[in-house]
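Enquirer: sequence and computational prediction follow.
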Amino acid sequence: MKFNNELTLLLKARYPIIYINTLEEDRVEYIIRKNIKTSLNRSIYSWDFIDGYNNNPNNQGFAKRNPLQALELIERLAAETPAVFLLKDFNRFLTDVSISRKLKNISRILKLQPKTIIIIGNELNIPNELRDLITILQFNLPDEKEIESELNRLISSLNLTIENNLIENLVQACQGLSLERIRRVLSKIIATYKTINKDSITILLNEKKQIIRQTEILEYWSSRENINNLGGVDNLKDWLTKRKLSFSVQASNYGLPTPRGLLLVGIQGTGKSLTAKAIATEWQLPLLKLDVGKLFAGIVGESESRLRQMIQVAETLSPCILWIDEIDKAFSKTETNGDSGTSNRVLATFISWLSEKTRPVFVVATANNVELLPLEVIRKGRFDEIFFLDLPKQEEREQIFKIHLKSFRPKTWSNFDYKKLAELSDSFSGAEIRQIIIEAMHYAFYEKREFTTNDICLALNDSIPLSQLNSEQTVKLQNWATSGRIRLASSNNL
C-alpha cells in the first residue's frame, strides 16, 4: 500500500510531525499500528482530549483535557526510547500560541531522537508558522481491493452465496464510502432484505447522496433526460455517443484514456444544461452539480477548502459527471479584486485539477458568455472539446417541437403542423419553444378545449425571443463561434 510505504519512509527519515487528514480515525490507527509492528520497533502512545493517553498502563489517563501536557510526555521519555505519538483531533489546538511554541521547541528533540508525532484530524488547517514543521500525509478512502475484501468477509460470515457480477457492482457502488460507513450500510441492507442482492445497490447509492448533501456545495441529480431529447446538435450527440463506453474496463484494457470533460458555450436556452443531464443518463454515471454560489464562502480561505472538498468527494465517487453550470459567472476575468484574491486562488486550484486529474471525473461546464472566461480555462488540455450551441435552425426547431409535444400529448402529437411552427419560431431557443407550448396550453385550457397549432402560433406572435432583445450580444457570439475557434454542435450551422 502506498500509504504504508510513505509512512514508513517518513518515520525512518525522522520527520518530526506528520499530519494525516482523514475521517477514518479507527481505520488509520489500525493500519499505523500494523505497519509499525511489522516494519518498525516503536512504542505507540495514543492521546485524545477526553481520555488523555489510554493505551499505556504507565501513563493511563495522563494529560486529560490538557493538550500542552500531552506534548510534555514526549520530553519525559528517555531519549533512546523509539516512540510514535498519535494525537487525535490535535489540529484544533494548533492555533493556540502555547501549543504552537511548544511544537517548535519540541521539534528540535524529535529530529535527534527516534520519536514522531502523528496528528490525526479531519480538517486541514495548519497555521503558517507550523507549515515548515508539519508534513501532510493523505489517507485515502478504501480502494476496490479493500472494499472487495470487506464484502467477502461479511458474505462469508453470513454464509451467503453472491454472484461475481453482483460483487463487482457492489464494490463500485461502495466506492467513496469509508469502511465504517460500508459496514453500517450493509447492516441496514441485511436488516431490510435479510440478504444481499441487486436491490442493495439502491441503499448504497442513497448513502452516497447523504455524503454529497453534507458537502453543501454539491448536489446529486437523478437525471432521466435522454440524449434523444436534444433537438438538433448532431455533431455533439455523435461525439457523446462515440465516448459512451470510454469509462468501461474494456476501454481501460484497450489503453484508452478516460474523457476529461466538455465546455458548452451558447445562447441561453439552447440546451446546455439539458446536455449535461443527458450525458449522465446516456453514460449511466451519477451526476453531481456544483453550486458555485456556495463555493465562494465569506471566510478567507474557506472557498479554497470547499473546492478541495468538492474535488475529493467527486474523485472518491468517480466515475461520475461533474456539472458546473454558468462557469463564466464564477470565474469571470472581469472580476474585481475586492475578494482578497479568493477568486484567483480558487481558479488556479480548479484549472490545475482540470489539467492533472487522473480519476474518471467528467466535467461538463456551461457558459453563456465565453468572453468573460479567462484564457486559462478555455485553452486546450483543460477540456477535451469546446462546443458552441447556437439558436436552432428550422429543421432543428421542428425536432424540438416534436420532442416537447410528444411529451405533452403522446397520443395526438402528430396532429400539429410542425413546418409552420418551425417557420414562425425563428430566433427562438429550445427552452423558449417549450415555454411557448405551455403558453398555448393556457390559452386553450382557459377556453376548456384542446390546444392546436393555431394556439401555438398565437403564442409565438405574442412573444419576443431573448436573442432579439439582446441581438448585438447574440450576433457577436455567433460570429466568434463561426470564426473557427470552437467546434459547432450542429452540422447545419455551417
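Expert: That came through fine. Residues are numbered from 1 along each chain as shown.
Enquirer: which helices and strands does the helix or strand where Glu168 lies pack with?
Expert: Assignment of secondary structure by DSSP states H and E places Glu168 within helix 164-174. When contacts are defined as 3 or more C-beta pairs under 8 Å, 6 or more residues apart in numbering; DSSP states H and E, helix 164-174 packs onto helix 144-157, helix 200-215. No exception for glycine: its C-beta is placed from N, CA and C like everyone else's.
Enquirer: for it, what is the average pLDDT?
Expert: Mean pLDDT, helix 164-174: 83.
Enquirer: chain center to it: distance?
Expert: Distance of helix 164-174 from its chain centroid, counting by C-alpha atoms, centre = their mean, to the nearest Å, is 21 Å.
Enquirer: got the buried residues for it?
Expert: Neighbour counts over helix 164-174 (16 or more other C-beta atoms under 10 Å) mark Ile167, Leu170, Val171, Ala173, Cys174 as buried.
Enquirer: same question, stretch 396-406
Expert: Neighbour counts over stretch 396-406 (16+ other C-beta under 10 Å) mark Glu396, Arg397, Glu398, Gln399, Ile400, Phe401, Lys402, Ile403, His404, Leu405 as buried.
Enquirer: identify, from those, the entry nearest to Arg487.
Expert: Nearest to Arg487 out of the buried residues of stretch 396-406 is Glu396 (C-beta to C-beta; 16.7 Å).
Enquirer: which residues sit in contact with the closest one?
Expert: Residues in contact with Glu396, defined by C-beta atoms under 8 Å, 6 or more residues apart in numbering, are Gly231, Gly232, Val233, Ser490, Asn492.
Enquirer: can you turn the buried part of those into a ChimeraX selection?
Expert: The buried residues among the contacts of Glu396 can be selected in ChimeraX (16+ other C-beta under 10 Å) with this line:
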select :231,232,233,490
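Enquirer: coming back round to it: now the helices and strands packed on helix 164-174 in JSON lines, with distance to Ala422 and mean pLDDT?
Expert: Shown next, in JSON lines, are the helices and strands packed on helix 164-174 (distance: least, C-beta to C-beta, whole Å; pLDDT from 0 to 100):
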{"stretch": "helix 144-157", "distance to Ala422": "50", "mean pLDDT": "87"}
{"stretch": "helix 200-215", "distance to Ala422": "40", "mean pLDDT": "80"}
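Enquirer: please identify the most buried of those.
Expert: helix 200-215 (a mean of 16; mean count of other C-beta atoms under 10 Å).
Enquirer: hmm, back to that, out of the contacts of Glu396, which one has the lowest pLDDT?
Expert: In terms of pLDDT, the lowest of those is Asn492, showing 59.
Enquirer: what pLDDT does Ile311 get?
Expert: So Ile311 comes in at 87 (pLDDT).
Enquirer: what about it, neighbour count?
Expert: Using other C-beta atoms under 10 Å, Ile311 has 17 neighbouring residues.
Enquirer: could you list every residue that touches the spatially most central residue of the chain?
Expert: Nearest to the mean C-alpha position of the chain, by C-alpha atoms, centre = their mean, lies Ala314 at 2.5 Å. Residues in contact with Ala314 (C-beta under 8 Å, 6+ apart) are Leu218, Leu288, Cys320, Leu322, Arg359, Val361.
Enquirer: between all of these, which two are separated the most?
Expert: Largest separation among the contacts of Ala314 by C-beta to C-beta: Leu218 and Arg359, giving 15.1 Å.
Enquirer: these two: who's more crowded?
Expert: The residue with more neighbours, out of Leu218 and Arg359, is Leu218; 23 against 14, by other C-beta under 10 Å.
Enquirer: quick check, that one in contact with Ile212.
Expert: Yes: at 4.8 Å, Leu218 counts as touching Ile212 under the criterion of C-beta atoms under 8 Å.
Enquirer: can you list residues touching both of those two?
Expert: When contacts are counted by C-beta under 8 Å, 6+ apart, Leu218 and Ile212 are jointly contacted by Leu288, Val313.
Enquirer: that older thread, out of the buried residues of stretch 396-406, who's nearest Asn159?
Expert: Ile403 (51.5 Å).
Enquirer: quick check: Lys2 vs Ile190, distance?
Expert: 32 Å (C-beta to C-beta, to the nearest Å).
Enquirer: and if you look at Ser425?
Expert: Relative to Ile190, Ser425 is positioned 56 Å away (C-beta to C-beta).
Enquirer: same deal with Thr8?
Expert: From Thr8 across to Ile190, the span is 37 Å (C-beta to C-beta).
Enquirer: could you do Pro410 as well?
Expert: Taking C-beta to C-beta, one finds Pro410 at 42 Å from Ile190.
Enquirer: quick one: which of those two has more around it?
Expert: Counted by other C-beta under 10 Å, Pro410 and Ile190 do not tie: Ile190 has more neighbours, with 15 against 8.
Enquirer: which neighbouring elements make contact with the lowest-mean-pLDDT helix or strand in the chain?
Expert: The weakest-scoring helix or strand in the chain, judged by mean pLDDT, DSSP states H and E, is helix 292-295 (a mean of 76). In terms of contacts (3+ C-beta pairs under 8 Å, 6+ apart), helix 292-295 is packed against helix 302-316, helix 327-330.
Enquirer: which residues of the stretch 201-350 of the chain fall in helices?
Expert: With helices called from DSSP state H, counting those that start in this stretch, the stretch 201-350 of the chain shows them at 234-241, 249-254, 272-283, 292-295, 302-316, 327-330, 342-356.
Enquirer: buried sites along the second one?
Expert: For helix 249-254, the buried set under the neighbour-count rule, 16+ other C-beta under 10 Å, comprises Ala251.
Enquirer: give me the contact list for it.
Expert: The contact list for helix 249-254 (C-beta under 8 Å, 6+ apart) reads Leu245, Thr258.
Enquirer: pretty sure Phe362 is in a strand, no?
Expert: Yes: using DSSP: H, G, I helix; E, B strand; the rest coil, the assignment for Phe362 is a strand.
Enquirer: give me the beta-bridge partners of it?
Expert: Beta-bridge partners of Phe362, counted by DSSP bridges, are Ile321.
Enquirer: what's the answer for Ile20, then?
Expert: Bridge pairing for Ile20 (DSSP bridges) gives the partners Ile120, Leu137.
Enquirer: measure it to Glu123 for me?
Expert: Separation of Ile20 from Glu123 (C-beta to C-beta) stands at 12 Å.
Enquirer: these two: which is more packed in?
Expert: Ile20 (23 against 12).
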